[in-house]
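A.B. asks: Using only what follows, build the 3D model:
(one chain, ligands or ions: 2)
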Amino acid sequence: MQEQDYPRTMGQQFGRRSWAEPWKIKMVEPLRVTSRAEREAALKAAGYNTFLLRSEDVYIDLLTDSGTNAMSDRQWAALMMGDEAYAGSRSFYRLEATVQQVYGYRHIIPTHQGRGAEHLISQVAIRRGQYVPGNMYFTTTRLHQELAGGIFVDVIIDEAHDPQSQYPFKGNVDLDKLQALIDKVGPQQIAYISLAGTVNMAGGQPVSMANVRALRALCDRYGLRIFLDSTRLVENAFFIKEREPGYAEQRIAAIVREFCSYTDGAWMSAKKDALVNIGGWLALNDDQLADEARNLVVVYEGLHTYGGMAGRDMEALAVGIEESLQEDYIRARIGQVRYLGELLLDWDIPIVVPIGGHAIFLDARRFYPHLPQDLFPAQTLAAELYLDSGVRAMERGIASAGRDPKTGQNYYPKLELTRLTIPRRVYTQAHMDVVAESVKAVYDQRHQARGLRMVYEPRYLRFFQARFEPVE
Ligand SMILES: Cc1ncc(COP(=O)(O)O)c(C=O)c1O
Ligand SMILES: N[C@@H](Cc1ccc(O)cc1)C(=O)O
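C.D. replies: Ligands and ions are numbered 1, 2, ... in the order given. Okay, the predicted model is just below:
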């Protein structure tokens, strides 16, 4: 599909004049607007790191789509039905049945959130020194693989590293890269394929059904397993429905189920697609591996029938999974992200294209071509945006990439991005207008940006807690 073929609005695509959110607001939370002087003080106190701001000092919070979703009235009602038994909770069995039915896996192990599940799968499926090829790294995923002794290898297609490539499935695995790794190290030295759909760090870009099918065929030749990060798989399914021949008439639920059928297991941070504020799970088809993970979960998360979640959270999650598959919902979800992106494209502001599932990613390299990567252009952009309007974004560039655990050297990722992440069912299009105008104001002042220097660097996942100072 070429650039000009992308629908400008979701209405055009689905044969309607316009679209609106398929929900109405029942409860509201006031927002606080701050002065520029207040924001300057707050940002300084936060070491120029948006993760260290207090949310009270934020106006529109686009830090993340993780756990920031608005639950529906049905989910709130489900909370009341939570069975808080320590063992054998009815709520667990409800969740288990829902995940089995929607995603199609046999064994379900609940965890407190995604990284709890990443920890389990990494510990049970990686032997020290084994390689873990994946379609681009994700911070927590790669760290858990490394802590288990694995070596992550990026096997995503080259287009994913190019913010301007219009390729429709930039999340795809490059099967030649994977074959080359198999030839080089041998299949025994590969723990599993770590596949994510959509790919967060590439800009929320999808994997095609054809790609995962071909990946399955390649892996079958060598007896390799595929484990899927299904955190945003419903969003991935939307793109398959929109872009891949043969899927336009299929239901999102059927697409999700087919995608999973090509994999051996999955984990999920339920705080995204599944419309809850906390939760996660690991799902496996292999009995022995599931037994090992079920044993390990009691060490790190809690008993295997709650895994760190309250019974009420499991109830709300079961309802959230069902709601996430509703066609109107997912169309509006992606539509809102696209609405913001198109406003920015209309002003020639550099963003990652095609517009992805959960966020707009500003291309800080093109935004600030005068800033070398060592001066943290994407972190600078997040700071400037906050100063301008109180909109909170997140760095996804050199600070997020961290250091090579072997050499200790900084990684220099090709993508230097600032992410405007849209929580689900939380903000209106008027909020998106305000955000777009703030980005435009910062863009108009772009020549004045001087960059940041890191003055405190934590050992793990440094971007969360690092502190910076402005370059004078
Ligand atoms: C793609 C992806 N995988 C895994 C995780 C980890 O999940 P969590 O934040 O729930 O630990 C996240 C977010 O952190 C994510 O975006
Ligand atoms: N997964 C969440 C929370 C998170 C953010 C940044 C990370 O690197 C890790 C986790 C997100 O993508 O927003």
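A.B. asks: From now on I want contacts and neighbour counts done on CA atoms only, so please keep to that.
C.D. replies: Noted.
A.B. asks: so what's the closest residue to ligand 2 within the stretch 151-300 of the chain closest to, chain neighbours aside?
C.D. replies: Going by CA to the nearest ligand atom, ligand 2 is nearest to N200 of the stretch 151-300 of the chain, at 6.6 Å. Nearest non-adjacent residue to N200, counting by CA to CA, 6 or more residues apart in numbering: F138, 7.1 Å away.
A.B. asks: How about R396?
C.D. replies: L417 (4.9 Å).
A.B. asks: how close does the one you found get to ligand 2?
C.D. replies: 13 Å (CA to the nearest ligand atom, to the nearest Å).
A.B. asks: returning to what we had before: how close does the residue of the stretch 151-300 of the chain closest to ligand 2 get to E38?
C.D. replies: According to CA to CA, to the nearest Å, N200 and E38 sit 32 Å apart.
A.B. asks: More neighbours: those two, which one.
C.D. replies: Set N200 next to E38 and count neighbours by other CA atoms under 10 Å: N200 wins out with 22 against 13.
A.B. asks: Pretty sure the more buried one sits against N135.
C.D. replies: No. Using CA atoms under 8 Å, N200 is not in contact with N135, being 10.1 Å away.
A.B. asks: List the residues that contact the residue nearest to R396.
C.D. replies: By CA atoms under 8 Å, 6 or more residues apart in numbering, the contact set of L417 is F361, L362, D363, A364, R365, A378, E395, R396, G397.
A.B. asks: quick revisit: the residue nearest to N200 touches M201, doesn't it?
C.D. replies: Yes. Using CA under 8 Å, F138 is in contact with M201, at 6.5 Å.
A.B. asks: Pick out whichever of the two has more residues nearby.
C.D. replies: M201 (24 against 17).
A.B. asks: Run a quick neighbour tally on the residue of the stretch 251-400 of the chain found nearest ligand 2.
C.D. replies: Nearest residue of the stretch 251-400 of the chain to ligand 2: S400, at 6.3 Å (CA to the nearest ligand atom). For S400, the neighbour count with other CA under 10 Å is 22.
A.B. asks: how much space between it and R142?
C.D. replies: For S400, the distance to R142 - CA to CA - is 12 Å.
A.B. asks: Quick one, grab the pLDDT at R17.
C.D. replies: Here, the pLDDT recorded for R17 equals 67.
A.B. asks: Stretch 396-406 vs ligand 1: in contact?
C.D. replies: No. Remark: stretch 396-406 sits outside contact range of ligand 1, by CA under 6 Å from any ligand atom, the gap being at least 11.8 Å.
A.B. asks: buried ones in that stretch?
C.D. replies: The neighbour-count check on stretch 396-406 (16 or more other CA atoms under 10 Å) flags R396, G397, I398, A399, S400, A401, G402, R403 as buried.
A.B. asks: which one of these is nearest G186?
C.D. replies: Lowest distance from G186 to the buried residues of stretch 396-406 (CA to CA) belongs to R403, with 26.6 Å.
A.B. asks: What residues are bridge-paired with the closest one?
C.D. replies: Taking DSSP bridges as the rule, R403 bridges to N410.
A.B. asks: Need the mean per-residue confidence for stretch 349-359.
C.D. replies: 98.
A.B. asks: quick one: low-confidence parts of the chain?
C.D. replies: Along the chain, segments meeting pLDDT under 70 span 1-17.
A.B. asks: care to break it down by domain?
C.D. replies: Residue ranges for the domains of the chain, per automatic domain parsing: 3-61+327-470, 73-324.
A.B. asks: which of those is buried the deepest?
C.D. replies: Scoring the domains of the chain by mean neighbour count under mean count of other CA atoms under 10 Å gives domain 73-324 as the most buried, with a mean of 21.
A.B. asks: Do any residues in that domain lie close to ligand 1?
C.D. replies: Yes. Residues of domain 73-324 contacting ligand 1 under CA under 6 Å from any ligand atom: Q113, G114, R115, T140, N200, D229, T231, S269, K271.
A.B. asks: circling back to that earlier point, which residue packs closest to the residue of the stretch 251-400 of the chain closest to ligand 2, ignoring adjacent ones?
C.D. replies: Using CA to CA, 6+ apart, the closest residue to S400 is F463 (5.1 Å).
A.B. asks: swap in L387?
C.D. replies: R39 (5.7 Å).
A.B. asks: Tell me which other helices or strands the strand or helix carrying the one you found touches.
C.D. replies: Under the criterion of DSSP states H and E, R39 resides in helix 36-45. Applying 3 or more CA pairs under 8 Å, 6 or more residues apart in numbering; DSSP states H and E, one finds that helix 36-45 contacts helix 377-389.
A.B. asks: Let's verify L282: helix, strand, or coil?
C.D. replies: strand (DSSP: H, G, I helix; E, B strand; the rest coil).
A.B. asks: same question, the one 10 residues further on
C.D. replies: Going by three-state DSSP, the secondary structure assigned to E292 is helix.
A.B. asks: same thing with P22?
C.D. replies: Strictly by three-state DSSP, P22 counts as coil.
A.B. asks: if we can go back for a sec, just checking, next helix/strand downstream of whichever helix or strand the residue of the stretch 251-400 of the chain closest to ligand 2 is part of?
C.D. replies: S400 is part of helix 398-401 when elements are defined by DSSP H and E. Sequence order places strand 417-421 as the next helix or strand after helix 398-401, per DSSP H and E.
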